[in-house]
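Participant: What shape does this take:
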Amino acid sequence: MKTNLILPALLATALAASAAPVAPPDDKAAFAQLKSLAGTWRGHSDCQGAKTATVIYRVISAGSTVMETLNPGTKMEMVSMYHLDREGELVMTHYCSAGNQPQMEYDAKHSSPSMLVLKFDGGDVNPKQDMHVHSGTIHILGKNKIESDWSAWKDGKPLMTSHISLKRVE
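Facilitator: Numbering: from 1, shown residues only. Below is the predicted model:
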């Protein structure tokens, strides 16, 4: 009789565990995910004037920073630097070809284990008028495939979103 009660209880527990939402990574774990992207990536982009994209991720400064270089060696080259700040929060500064440096922070509330969300957190732009990259997502679709979406704003509202789909080549 007890066996008949234990099996359904175990099954119900297993089903409840599998249905439970998986928590997004904390800032430190999200930073570790970014570090795992180290290498060269190539693929497609729908950014203005670009149909292809190359992105190089490098772990620098004794592992304390991830440098992302978009389209290295071109006039549209841009660099983003990711690191944990003094409070242990993941932050990013984007050095844009538009000549500004918006800053973003990791948004764990809207992230998932496979998607890192970044939201605007200042920088040298006036978000109510300047054109700037305002937010982004990095979708980690496996060890060798990622996609990202970056939203640009102008005059305090969304202007456009660019999508980049990449595969690791090195």
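Participant: can we go C-alpha only for contacts and neighbour counts from here?
Facilitator: Noted.
Participant: ranges for the strands of this structure?
Facilitator: With strands called from DSSP state E, the chain shows them at 39-45, 52-60, 65-70, 78-84, 90-95, 102-106, 115-123, 132-140, 145-154, 157-168.
Participant: Name the residues of the fifth one that are buried.
Facilitator: Residues of strand 90-95 classed as buried: 90, 91, 92, 93, 94, 95 (neighbour count, 16 or more other C-alpha atoms under 10 Å).
Participant: Check the second one too.
Facilitator: Applying a neighbour-count criterion of 16+ other C-alpha under 10 Å, the buried positions in strand 52-60 are 53, 54, 55, 56, 57, 58, 59.
Participant: Ok, the shortest one next?
Facilitator: If you call a residue buried by 16+ other C-alpha under 10 Å, then strand 102-106 has these buried ones: 102, 103, 104, 105, 106.
Participant: Contacts made by that strand with the rest, please.
Facilitator: Applying C-alpha atoms under 8 Å, 6 or more residues apart in numbering, the contact partners of strand 102-106 are 27, 89-95, 116-125, 132-135.
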